[in-house]
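K.L.:
Please find the sequence and the predicted model below.
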Amino acid sequence: MNIDANVQKILFALLRKWKLIVIFAILGALLGYFYTNQYTTLTYSSDVKFLAYATDGNDDVDENSSIDIVRSSNTSKMNYTRSMLPTYITIMETNEFNSRVVNDLNETYNSNFSTSMLNGALETEILNDTAIFQITVTTTDPELSYKIAKQLETTVPKVMKEKNQGLVRASVEDRAIKATTAGSKGYAKKMLFTTLVAIALSSAYVVLRTLLDVRIKSSDELTEKYNIPVLGSIPNFEGRGINATNVKGVDGYVIKKE
């Protein structure tokens, strides 16, 4: 059987089993809804925006320092800031930075938080290829998310001032606000995912079953496979009130009317 015939066979099989695929799709959507409803925890987010800017460094660099600080215009300062910003963002994704935030947080609120609390809680991104970056804090407690975000308003500028001789610093552009509502559980996205998986699995089942089925179901398939003509065929008597019994006669099996 050539490739085109195989493709046609698969397509016809999928069309014949469309009800099965639809049932699997519905079950997949229901599974996604149930999983999201039962196992997805509500989260609350607070974010704070910072503006990164370059300094001449004259105030903080020692007079005997050999660092060459030559940035003659505001444009060159902005270019330098944007080129260095990804490095600072990476610094804010380290365990050392998380420890600094937790230590400052415990000191500010007289608490006893651990560094593991920040695992997966902070998301940092540069906004629209600018010198503005945002840190979003997401936890299951709106008060905790707000406290961490407020602490970042103080800790982030300190950390940036301490790094790279303080050549790039940060100021708060948009302060944190306490979340009043939880974030979405993402029903649509998760249900769509499980539905697509269910469709893929059911389609794969139909395709494999079709390709592995070696039975000959028509005279055309018989002629194509063995390249011999079909001289005759036995009609299908099912549903016509006639049944072939297993009673042998002179001429073989006897066919009698019910």
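P.N.:
Noted; the coordinates are in hand.
K.L.:
alpha carbons only for contacts and neighbour counts from here, please
P.N.:
OK.
K.L.:
in the stretch 151-258 of the chain, which spans are strands?
P.N.:
168-174, 242-249, 252-257 (DSSP state E, counting those that start in this stretch).
K.L.:
Give me the average confidence score over the second one.
P.N.:
Along strand 242-249, the predicted confidence averages to a pLDDT of 49.
K.L.:
ditto for the shortest one
P.N.:
Strand 252-257 shows a mean pLDDT of 48.
K.L.:
before we move on, what about stretch 146-158?
P.N.:
pLDDT averaged over stretch 146-158 gives 96.
K.L.:
try stretch 84-99
P.N.:
94.
K.L.:
Same check on stretch 122-136?
P.N.:
pLDDT averaged over stretch 122-136 gives 93.
K.L.:
which residues are in contact with it?
P.N.:
For stretch 122-136, contacts defined as CA atoms under 8 Å, 6 or more residues apart in numbering pick out 45-53, 78, 81-82, 85, 89, 92-93, 121, 137-138, 149.
K.L.:
can you tell me how far the closest residue to Leu152 other than its chain neighbours sits from Glu123?
P.N.:
Spatial nearest neighbour of Leu152, excluding adjacent residues (CA to CA, 6 or more residues apart in numbering): Val101 at 7.0 Å. To Glu123, Val101 is 14 Å away according to CA to CA, to the nearest Å.
K.L.:
Just want to know which of the two has more residues nearby.
P.N.:
Val101 (23 against 14; other CA atoms under 10 Å).
K.L.:
sec struct for Lys77, please.
P.N.:
Lys77 carries the three-state label helix when classified by DSSP: H, G, I helix; E, B strand; the rest coil.
K.L.:
For it, which non-adjacent residue is spatially closest?
P.N.:
Nearest to Lys77 is Ala54, by CA to CA, 6+ apart, at 5.4 Å.
K.L.:
for the longest helix anywhere in the chain, which positions count as buried?
P.N.:
In the chain, assigned by DSSP state H, the helix with the most residues is helix 187-212. By 16 or more other CA atoms under 10 Å, the buried positions in helix 187-212 come out as 187, 190-192, 194-199, 202-203, 206-207, 210.
K.L.:
same question, stretch 108-120
P.N.:
Those would be Thr115, Leu118, for stretch 108-120 by 16+ other CA under 10 Å.
K.L.:
Just the C-alpha atoms of that stretch, please, in CSV.
P.N.:
What follows is stretch 108-120, C-alpha atoms only, in CSV (Å, rounded to 0.1, in the frame of the first residue of the first chain):
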residue,chain,number,x,y,z
THR,A,108,12.4,45.3,59.6
TYR,A,109,9.4,43.3,60.9
ASN,A,110,11.1,41.4,63.7
SER,A,111,10.1,38.1,62.1
ASN,A,112,11.8,34.8,61.5
PHE,A,113,11.4,34.1,57.8
SER,A,114,13.6,31.6,56.0
THR,A,115,15.3,32.0,52.6
SER,A,116,13.2,29.1,51.2
MET,A,117,10.2,31.3,51.5
LEU,A,118,11.4,33.2,48.4
ASN,A,119,11.9,30.2,46.2
GLY,A,120,9.9,30.8,43.2
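K.L.:
So what touches that stretch?
P.N.:
Asn98, Ser99, Val102, Leu105, Asn106.
K.L.:
Per-residue confidence at the last one, what does it come out as?
P.N.:
For Asn106, the pLDDT comes out at 94.
K.L.:
Mind telling me what element it is part of?
P.N.:
helix 95-109 (DSSP states H and E).
K.L.:
Which element is encountered next along the chain beyond that helix?
P.N.:
strand 122-126.
K.L.:
Which element is encountered next along the chain beyond that next one?
P.N.:
Taking DSSP H and E, what comes next after strand 122-126 is strand 132-139.
K.L.:
how is the chain carved up into domains?
P.N.:
3-36+186-229, 44-174 (automatic domain parsing).
K.L.:
Go through these and pick out the most buried.
P.N.:
Of those, the one with the most neighbours on average (mean count of other CA atoms under 10 Å) is domain 44-174, at a mean of 16.
K.L.:
coming back round to it: taking the buried residues of helix 187-212 together, which two end up most distant?
P.N.:
Tyr187 and Thr210 (34.4 Å; CA to CA).
K.L.:
Since that was my last question, I'll sign off now.
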